[in-house]
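>>> Task: produce atomic coordinates for the following.
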Amino acid sequence: MRIVVIGGTGLIGSQVVQGLAEHGHDAVAAAPATGVNTLTGEGLADALTDAAAVVDVSNSPSFADDAAMEFFHTATTNLLAAEAAAAVGHHVALSVVGTDRLAAESGYFRAKLAQETLVRNGGLPYTIVRATQFFEFVRGIADAATDGDLVRLAPVGFQPIASADVAEAVSIAALGNPVNGITEIAGPQRYRLDELIRTALTARGDRRTVSPDPRSRYWGAHLQEDTLVPGPGATLFGTRFEEWLLASSAHPLK
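Sure thing, here's the model as predicted:
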């Protein structure tokens, strides 16, 4: 089965390509580095030739409101048009748990919601996989919330997932039938956001102080207790944060 992975050289995409190839599929890593650019359309038609499915795990290079909207609108529009021309049978898009709840206050999540809307209305069979935040991004969350040596984070529910499990989930989706709807995936355990970040920083010898602050924003949005956690029908994967942290202790957090 030929599957084109948009963003196939990134954190998730490279794992999707590797996993699909190991199971005997023709997995194509499509990214600017491989001559495929969804913003300009360069290389799309050739890359999608004979593709049964497309997995879009690409992300905006900027979290700024206008830049993110421009990326997701332009890239998704171009990609869906190219898929229709190539008669691709299944579009799989990776999105974020809580996108609809965060979109009112966060420009980045408005852009993700716009991407989802384009996919839903694009006329192609599709599956949208909403994942919780990746373990690999906990340092980035801390950095975004840092003021001096203080990290202010809302004391709310948080159920992150390993990137390897995300890659497995979108691969399973691509090999299955389109659901023409949204599925949610998450890690196996619910934490409190500020407490998990404190654990992660302490494990890395980071001396910043993590302070619970209900007013702290997450990429521009206020958080409620359940904003970042999946609904009751989510698929939970098995990698626990503590296990991942131990296994990755020789490498810096991203």
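
>>> In the stretch 101-250 of the chain, where is pLDDT below threshold?
For the stretch 101-250 of the chain, residues meeting the criterion pLDDT under 70 lie at 249-250.

>>> Please, where are all the strands along it?
Using DSSP state E, counting those that start in this stretch, the strands of the stretch 101-250 of the chain run over residues 126-131, 146-147, 150-153, 157-158, 182-186, 191-192, 209-212, 217-218, 221-222, 235-236.

>>> now those strands as a markdown table including mean neighbour count?
To be clear about C-beta, it is placed using only N, CA and C from the backbone, and glycine gets the same treatment. Output for the strands of the stretch 101-250 of the chain, formatted as a markdown table (neighbours: other CB atoms under 10 Å):
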| stretch | mean neighbour count |
| --- | --- |
| strand 126-131 | 24 |
| strand 146-147 | 12 |
| strand 150-153 | 20 |
| strand 157-158 | 22 |
| strand 182-186 | 22 |
| strand 191-192 | 16 |
| strand 209-212 | 16 |
| strand 217-218 | 20 |
| strand 221-222 | 18 |
| strand 235-236 | 14 |
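
>>> Could you tell me how many residues sit around the nearest residue to Ile161 once chain neighbours are set aside?
Counting by CB to CB, 6 or more residues apart in numbering, Ile161 lies nearest to Gly187, which is 4.1 Å off, once chain neighbours are set aside. Applying other CB atoms under 10 Å, we find 26 residues neighbouring Gly187.

>>> Tell me who's in contact with Gly187.
Residues counted as contacts of Gly187 (CB atoms under 8 Å, 6 or more residues apart in numbering) are 132, 135, 159-162, 165, 236-237, 239-241.

>>> Distance check, it against Gly10.
Using CB to CB, to the nearest Å, one obtains 20 Å as the distance from Gly187 to Gly10.

>>> One more: Ala234?
23 Å.
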